[in-house]
Structure formats: C-alpha cells, structure tokens
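In: Below is the sequence, then the predicted model.
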Amino acid sequence: MGGGAAMSAGTFAKRPLLSRHLLDKAAVWIVLFILLIAAGFVSEAFLKLNYLGNLVRQAAPIGITAVGVTFVMILRGVDLSVGAIVSMSAVICALVMDGKAENLWLAIGVTCATGSLIGLANGLLIAYGRVSSFILTLGMSIVVYGLVQMGTGGTARGIVSPGFREFLNDRIGNVVPTLAICFVIAVVVGIFVQSQTRFGRNVYLVGANPEAARLAGIPAIQTTVIAYCFSGLFAGLGGIALLARTGVSGTNPGAGMEFDVLAAVILGGTTFAGGRGGVGSTFAGVLVLFIALNLANVAGLPFAAQLTIKGIIIIAASAAHAWIGRSGGDRTE
Amino acid sequence: MALLETHDLTRRFPGVVALRAVNFTARAGEVHAVCGANGAGKSTLMNVLSGTIAPSSGSVLVNGEKVNFITPAEARSAGIAIVYQEFSSIPELTVADNIYLGQEFRKGFGVVDHKRASSEAHTLMERFRIDLDPDAVVGTLGVADRQLLELARALSNDAQVLILDEPTGVLSLSEQRNLFEVIRTLRDRGMLILYISHRLEEIFEIADTVSIMRDGELVATREKGSLDRKELVRLMTGHEVSDTEAIVDPLASGKTVLTIDGITSDDSRILIAEGEILGLAGLVGAGRTSIARRLAGLRPRTGLTVQLKGKPLPSDIAGVLKAGLVYLTEDRKQDGIFGPLSIPMNATAAALDHFSSAGFLARRRERSQAATLLEQLRLVASSLDMPITSLSGGNQQKVLFARALLAQPKVLICDEPTRGVDVAAREDIYRLLRDLSKRGVAIIMISSELDELIAMCHRIAIVRQGVVHSVVANEDLDEHKLVLAATGSDAA
C-alpha cells in the first residue's frame, strides 16, 4: 500500500536506548553483572571459570525446577509443591535404581512420570476446581511430603545406580560440570517452549489477560494443566539433579526449596502480575541468588542471616519489578 | 484576570515531549474544553495542573500567583480537583462515606461520624443541585450516579477549578444531559470547568471556550462562537478530514451471511447480508453487548439460534472464531489488550492457527504479517516490541482491529469501536469498516453515538431490554427518531 509505505519511516520512530520496558527485562542481568564484579573484588577466585562452573552446578537442582515454575508464574499461578516433588523424586529415583546400573533409565523415567503426574493433579484441580494455586499447591506439598515419609518410613532408603553420580558430577573437558550443562539445557528447552510453541504463547496470553485470552479463543484450561504438568516434570528433573549432587536421597532433601525457586523466579522478573518475565530471566535470577548467598557465606554470615537475606531478596525484587512495571510504558492518554 | 495560567509549561518523558512550552489561560466562570487527538498532551496537561505529574520546566499560576504542586493533595487544597475517567469509589460504602473518604468526620476516639458525613453530603448535593442519594451504597449505583459521586467528591473540597476527563464516555443521552446541567450550575457559580473530550458534539454543546492541542502544543484557544466543526477537526488533526463518505449499497449483493432467530420482539428472523453494516442502537444497558456476546459464544445462547452461511454456529468461542465470527470488545482494558505483551503478540492472538503448525509458531511470518497490516491501519508506535500499553487508546484499538482482521472474519461484531479513540484514528476506523464492507464482510456495529451509526450503517436495529424492537433502513432515519425509538417513546 503506497500510503502506508510513505508513512512507515515516521510511524516506527526511534526511541530512547533504555526504556522502562527494556529496564524491566534487563534489570536482573544488570544486577547479575554488578554482583559478579562485586564478587570479583571480594575474591579473584569468583571470576574463575572453575568457580563459575561450580556455581552453576550447585544451582542446578533449584535452577532446573525454577524453569518449570516460571511457566506457572507467567500464568499468574504459583507452585509451592515443587519442594515436595523434588524430595519425592530423589527418593523414588534412588529406590527404583536400587544400586543397579540397569535400572538407571527406568528410574529416571519413573521419576519424571510421577513428577508430571503430581503436576497434572495440581493443574486439573486448579483449572477445573478454580482453587487458588497458593492454597492448592501448598496442600499438595503437604500431601506429597506425607507420602514420602510413609514410603520411606522416615529413614533414607534406596541406593543410586553406579556411574550415575560419577557421570553427572564429572566435568566435561575437566572444566564444565555435567550438571551445569544439564541446567543450561533445561533453560534452553524452557526458552524454546516459551518462545517457539503455541503452548508457550498461550501461557503468556492467558497470564497477561485471562479474559482477553478467552475472547481470542485460547484454551485456558488446557494451558493451565500443561503448565502445572511442566512444573511437576521439571521438579522431577530437579530432584534427580539433587540426588546426583548429594548421592543419598535422605527423606526430605527438597524441604523449603520452593522458596529458593520462588525467589529466583521473582528475581528474574516473572512476578505474580502475569504475562511478564521468562525462563531466560529466571536463569539470571538463579545465578544472582546463588552468588548473593555465596558472598554471604564468604563474608562469614551464619545460616540464619542467609535466610534473612533470601527473604529480603524476594521482597526487594518483587517491589522493584512492581515499581518498574507500574511506571513503565503506560501512557497517561 | 485569568484564574488559571501556564507559562511555557514543558514536560518531557523519555523519548517524548508530551508538552511543549504550553501557554494556557482560562477564566473563572467558563466551561473550557480541551480537545485533541490521543497523545496530543491534554491528559498530561491536566495531570500537571492537578499535581499528579511535575513539569520539566515552566510554571503554573493560580489567580496570578505562581504555584508548585508536588502532590495531588496540594493541588486540591489550592482548589483544583480532577475527576478521572475511571472511578475510584469503594462499592461497599455509602455515597456520603465515599465523598469524605480520607477526610472523615470524627466523633472522638477515632470513631467515624457517619451521620455528620450524611448530612454534610445532603447539603453539598443541594448546593450544587446534584441528584444523588448520599445514603445509597455505591455498589448499587449505575455508572452515571458513580460519576456524579466523583464529581461531588471533588466539589467537597471547595474546588475553584474542576477537571473532567472524558466524563460522558459511558453515559446515556439523558444521563449526559443531567451531567451537563450540573456542569452549568457550577459554571454559573463562578467555577472554572476544564472539560476534556474528543466528542465534537459535546464540545459544541457545553463549552464556552475551546483549546485545541496537537503533538504536545497548544494550537489554538477559541471562543465557541468563532469555531465550526470542520475547523475544529482541522485544528485537532492538522489536516482536512472528510467526515462522512457516501455508502455503497451492499444489500444489492443479497447474499445472506448471518441468520439470527429469537432476538426480535415479534419473533421475526434477522438476516444480515454480505458487506452489510448493521447498527445496534439503544441506551446503555439496553442489552446490545449481551446480544453480541451471546452471538460470539461468550455467554450461553439461550433462546437464540444462529446460522452462519447456512450452518449452525458453534456455541464455544473457539468454534465461533473458526467459523468466521469475530467479536471486538467494547472494553479494551478488561478483555481486549494483553497489557504487558508486545504489539504483534497482541495482534495475532486470535489467529495463532494461521501462524503455527504442529504446535510450533512461525514467528517471522507472524511478525511480518502483523507489521504489514498494522502499517495499513496507520498504527503510530515508537516500536513494535513495546508493550501495547505504550500506545494511545486509538492505536490500541487499531491493534485490536488487526487481531480481528487476522482471524479472517466473515462477520465482525464491533462493540463501541470508537470509544476513547481520537478523531484521526476514528476516521481510520470508519474507513477500515467501509473497506471491509466492500470486501463482503458483514459487520454488526454497536455504538452509543447515534450520528456514527447513521453515518456508517445500512440498517439499524433498535434494542430495548435485550430484544430487537425494530430494524430500520438508514434512509428512513435521523438522530431524533432513533432517540425516540431507543427510549421507547415511539411505542405510543
């Protein structure tokens, strides 16, 4: 269209380099960068590849779990059952492995399936029952903890397959830990799903405005169910990663992990407002959280103080994103 | 002497100059309309005057004295009150309690004196001749009464200047008349009323003086007497705008697209032809939106039978969309825009079937098709990647039109398509609707602006109490007859 072409130069004009909108997306990366520099000042070791690789490795269980939770949070939901699912997955995985190499893949399959199943239950109850995701997943977390206690009888059971720990705790090329790579793969998969698939788009649409999504014919129930399933699946994988790191399942290794996951996701900018943030930002959020805790550790702060720091991070991050979001973009006219 | 003046008032936002050295003057005892396209800067100007936004440079003078408001509260105590488009009242409280919200009368021990509030509110209503019961619970009131409440609230602070931002957006004709009465009373008492609107009819009816803004500048301030409609539109848009173009007759094609049974008062069937624009006229609350939403599958279709091109229309939204009936909401914010998402994501939301296969998105094609269409619709945006909330109301509406068009409609239902849309964008939307009509799309257009329906539609259906009472061909209609029919005064 001739008229349109003539208009085009003016219609999409240049804009300032760092708008509030961009700031919202970049905030967590800026914080990460600053933290890394600060960490470098504290100790040069921080900036070594070895240390960074180790950091990502440490973060893998929480990070992998956070990938799934990000989808739920974009949808305006929350999944507090992931800590319990991680615990359950570590226990089930170790039990099925039973110390035998041939059980390895079966164990991984069973673990992923149970994680997804619990996510499916979460999703169905939330989508059809219209229950608050906060209450429902909190309840589900207690149910799952209870089941794990019943199943283990309160003591650590199960033995991991030989080679399982060795492989995942190895370093590829003697530098990059395998677990770190698993985390990165989970993030890449998450980013792909979020940006390249119908499901990922539906998550953003329903999260941004459920009513508008309904008018646009987006299947909200299906999207919700799949998102919680996804969250359960990734929590299952997070449990396997945790098992690989620690080697023993314990009875409740994922206790309280949901809050670390929540902190990381919110840090990344996937707030309860819905339709914002994403897996990439969550990745940065996980790293920020771990570097901050590591710094606190190096500074010699006791565990209790570290907990407080974690809490403050959640509060500060959600406040900051709310502030950026409120003043960002919206015009007065 | 001027009651309110600004000197070289400038306000910059990142990348945008919202106000450019504005020298604005207004007297006491006048209704001073401020009009302009969306993004022209009128709301920014009002926000500066009411202390919501600080100016980047320049000054504001009240009664010749320089003032410097940092908060809305300071502006209020200097006598400047603003009534927003959106209501901020608390539905659970009474009118009186809402009026004195935050400045409650106390009996001691911090106990709120509801009686006193009620009697003060009574006095206030009487003084300004506002017809509103102070003891009514706000949740039970209609929009018009809620608006009067907002007004009363502003007046409770002895305001000298009252700013009304698009006050008639949701009012019916009689409610609007009522509001204008109140405004005139206030003016005659010596208040200055700044009236922001894009509805030309209203401006000519209520304003004494008109200031026109464009691109952040004050283009002109005129007495109403020295201004006509054409001139006003020219000043607002900066170019001549053809107002109403002739309609080509589509009924000639004779092909029926939509058949609706069960919505007329005499059980007759309504047929809508290819390329026809059928208007739904009626008062706010007459049930026009309800009919539209039932057609679109958003509400149970009780008693309604609908066929699209001879086939029964599915009852679920996704099925309706797939069959080719698209509904464009009247409430952009509520169920229209996806606030935090980018412009293309907003545009393609209802057409993802066309932009994906086997669950994977074809993002490049999605983006380029959305961009092409939006350019044809003359979207004004600084960048496509910005959230849709960064656009003005008219441009948001264009994105929603793009969403409807990408879904390839055979029937398009647009509900108040020009609400909160500036004059230039409005003409673009009219042009688009005529274009679609020429291409054979059947259009059902709901509007509270009768002149708009008369200018656009081939036939107009009059809706009362959820039922279509009569369908009239455009030639036989004028605004007066429509008003009578809609209010039921023709029944006798």
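Out: Noted; the coordinates are in hand.
In: domain parsing for chain B?
Out: B:4-237, B:256-487 (automatic domain parsing).
In: Now do the helices in the stretch 201-333 of chain A.
Out: Along the stretch 201-333 of chain A, counting by DSSP state H, counting those that start in this stretch, helices occupy A:210-215, A:220-246, A:257-267, A:279-298, A:303-327.
In: re earlier: ok, and which of the domains of chain B has the densest surroundings?
Out: Highest mean neighbour count among those (mean count of other CB atoms under 10 Å in any protein chain shown): domain B:256-487, with a mean of 20. To be clear about C-beta, it is placed using only N, CA and C from the backbone, and glycine gets the same treatment.
In: Can I get the domains of chain B in CSV including mean pLDDT and distance to A:A101?
Out: As requested, the domains of chain B are exported to CSV (pLDDT from 0 to 100; distance: least, CB to CB, whole Å):
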stretch, mean pLDDT, distance to A:A101
domain B:4-237, 85, 60
domain B:256-487, 89, 36
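In: could the ones you listed go into CSV alongside distance to A:A244?
Out: Formatted as CSV, the domains of chain B follow (distance: least, CB to CB, whole Å):
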stretch, distance to A:A244
domain B:4-237, 47
domain B:256-487, 31
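In: For A:N209, find the nearest of these.
Out: Closest of the domains of chain B to A:N209 is domain B:256-487, at 5.0 Å (criterion: CB to CB).
In: follow-up on the earlier one: mind putting the helices of the stretch 201-333 of chain A into TSV with mean neighbour count and distance to chain B?
Out: Converted to TSV, the helices of the stretch 201-333 of chain A look like this (neighbours: other CB atoms under 10 Å in any protein chain shown; distance: least, CB to the nearest CB, whole Å):
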stretch	mean neighbour count	distance to chain B
helix A:210-215	21	4
helix A:220-246	26	10
helix A:257-267	27	15
helix A:279-298	22	13
helix A:303-327	15	8
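In: still on that earlier bit, got CSV for the domains of chain B, with distance to chain A too?
Out: Compiled in CSV, the domains of chain B are given as follows (distance: least, CB to the nearest CB, whole Å):
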stretch, distance to chain A
domain B:4-237, 4
domain B:256-487, 4
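In: circling back to that earlier point, adding distance to B:A350 and mean pLDDT, write the helices of the stretch 201-333 of chain A out as JSON lines.
Out: Compiled in JSON lines, the helices of the stretch 201-333 of chain A are given as follows (distance: least, CB to CB, whole Å; pLDDT from 0 to 100):
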{"stretch": "helix A:210-215", "distance to B:A350": "8", "mean pLDDT": "94"}
{"stretch": "helix A:220-246", "distance to B:A350": "14", "mean pLDDT": "95"}
{"stretch": "helix A:257-267", "distance to B:A350": "29", "mean pLDDT": "92"}
{"stretch": "helix A:279-298", "distance to B:A350": "25", "mean pLDDT": "90"}
{"stretch": "helix A:303-327", "distance to B:A350": "25", "mean pLDDT": "78"}
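In: To B:G336, which of those helices lies closest?
Out: Per CB to CB, nearest to B:G336 of the helices of the stretch 201-333 of chain A: helix A:210-215, 5.8 Å.
In: quick one: secondary structure of B:D267?
Out: Three-state call for B:D267 (DSSP: H, G, I helix; E, B strand; the rest coil): coil.
In: any chance you could map the strands in chain A?
Out: Along chain A, the segments classed as strands by DSSP state E run A:171-172, A:176-177.
In: tell me the most buried of these?
Out: Of those, strand A:176-177 is the most buried (mean count of other CB under 10 Å), at a mean of 20.
In: strands paired with that one, and their directions?
Out: strand A:171-172 (antiparallel) (DSSP bridges).
In: The partner strand: how far from the chain's middle?
Out: 24 Å (CA atoms, centre = their mean, to the nearest Å).
In: outside of that strand, which residues touch it?
Out: A:53, A:177-178, A:181 (CB atoms under 8 Å, 6 or more residues apart in numbering or on different chains).
In: Go again with 6 Å.
Out: A:P177 (CB atoms under 6 Å, 6 or more residues apart in numbering or on different chains).
In: how about the spatially most central residue of chain A, what does it touch?
Out: Among the residues of chain A, the one closest to the centroid is A:A66, at 0.9 Å (CA atoms, centre = their mean). Going by CB under 6 Å, 6+ apart, A:A66 touches A:261, A:264-265, A:282, A:286.
In: coming back round to it: reformat the helices of the stretch 201-333 of chain A into TSV and put distance to B:I260 next to each item.
Out: As requested, the helices of the stretch 201-333 of chain A are exported to TSV (distance: least, CB to CB, whole Å):
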stretch	distance to B:I260
helix A:210-215	20
helix A:220-246	28
helix A:257-267	48
helix A:279-298	46
helix A:303-327	43
